[in-house]
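*Asks:* structure for this input, please:
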Amino acid sequence: MTAVEGYARRLDVALGEVVDGLIATYLHGSAALGGFVPGRSDVDVLVVCGDRPIGRNRLTTAVQTLQSMTGGCPGRGVELSMVARRHVREPWTFLLHVSISTGEETIIFGEDRGGDPDLLMHYVACRAAGIALRGPAAMELIGPVARADVLAYLRAELAWALEQAPEAYGVLNACRALAYLDRDEVLSKIDGARYALERGAPQQLISGALAMQWGDQPDHPPSLAARRFIIEVGDALSA
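*Replies:* The predicted model follows:
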């Protein structure tokens, strides 16, 4: 068991003590896909509860539990979404979203929001490679997501990255998008970069993005070459 999986299992046990009716917990993202960078990658977790209502007080206790455990996180931080079982058929709806990293904290209660589009990709990632910490395999609980919906999400993500994200994020997510476009595969950022290089993507650009991802070079807003590559991939997703 890796350090990140062990940490995620401790989170699952702790949450199970404060929230009744947990059905499943999945470790996904880079920790499941094989591209986890200690101290730099997030620990991504999806929690599925039963359909009985969970009060705000209980959800607040869950947040406090997560906050108390961030000190032992092997990654940059924790990003956790909690959904009810019925929500896995309604990709935007959620109960709780918590993102905690060094100096940053986001807590969103689902009743305050219309939904979270990112859940669509969380479901895709869980079905592809999610590690079940509790409950059945993700394929048994989470329904398939239409390819057209995934491509639309990836296009929107790349458009957002052009304006809001640093170069490594945009370039490496473009690489991952190519792998999904070509082979319906969900890869880590690092494996996506390797695939893009094999496919003939600009070596200097991709190698630089990998160095930024690993922390060997400082990251920065997308360069002209990065913007050109991200836009080309976005156009390919739309074709």
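
*Asks:* C-alpha only now, for contacts and for neighbours.
*Replies:* Noted.

*Asks:* in the chain, which spans are strands?
*Replies:* 22-28, 42-49, 77-84, 96-101, 104-109, 131-134 (DSSP state E).

*Asks:* would you reformat these as TSV and include mean pLDDT and distance to I190?
*Replies:* Shown next, in TSV, are those (pLDDT from 0 to 100; distance: least, C-alpha to C-alpha, whole Å):
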stretch	mean pLDDT	distance to I190
strand 22-28	97	15
strand 42-49	97	14
strand 77-84	96	19
strand 96-101	94	21
strand 104-109	94	25
strand 131-134	98	19
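
*Asks:* now the ones you listed in TSV, with distance to A179 and mean neighbour count?
*Replies:* Below are the strands of the chain laid out as TSV (distance: least, C-alpha to C-alpha, whole Å; neighbours: other C-alpha atoms under 10 Å):
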stretch	distance to A179	mean neighbour count
strand 22-28	18	25
strand 42-49	21	24
strand 77-84	24	23
strand 96-101	27	20
strand 104-109	30	13
strand 131-134	21	20
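
*Asks:* centre-most residue in this protein?
*Replies:* The structure's the chain has its C-alpha centroid closest to G29; by C-alpha atoms, centre = their mean the separation is 4.7 Å.

*Asks:* residue contacts, that one?
*Replies:* Residues counted as contacts of G29 (C-alpha atoms under 8 Å, 6 or more residues apart in numbering) are D42, V43, D44, H122, A125, C126, G130, S188.

*Asks:* what about the nearest residue to the second one once chain neighbours are set aside, distance to D149?
*Replies:* This means V43. Take V43 and drop its neighbours on the chain: the residue closest to it by C-alpha to C-alpha, 6 or more residues apart in numbering is V78, 4.8 Å away. As judged by C-alpha to C-alpha, to the nearest Å, V78 and D149 stand 26 Å apart.

*Asks:* also C73?
*Replies:* Distance, C73 to D149, using C-alpha to C-alpha: 33 Å.

*Asks:* then L59?
*Replies:* Using C-alpha to C-alpha, L59 is found at 30 Å from D149.

*Asks:* just want to know which of these two has more residues nearby.
*Replies:* Neighbour totals were compared for L59 and D149, and L59 leads with 18 against 12 (other C-alpha atoms under 10 Å).

*Asks:* right, and that one touches V19 too?
*Replies:* Yes. The pair formed by L59 and V19 meets the contact definition of C-alpha atoms under 8 Å, at 7.5 Å.

*Asks:* model confidence at G103, what's the number?
*Replies:* What the model reports for G103 is a pLDDT of 80.

*Asks:* sorry, wrong one. I was asking about G34.
*Replies:* Predicted confidence (pLDDT) at G34: the value is 89.

*Asks:* switch to numbering from 8
*Replies:* Sounds good: first residue 8 from here, last item G41.
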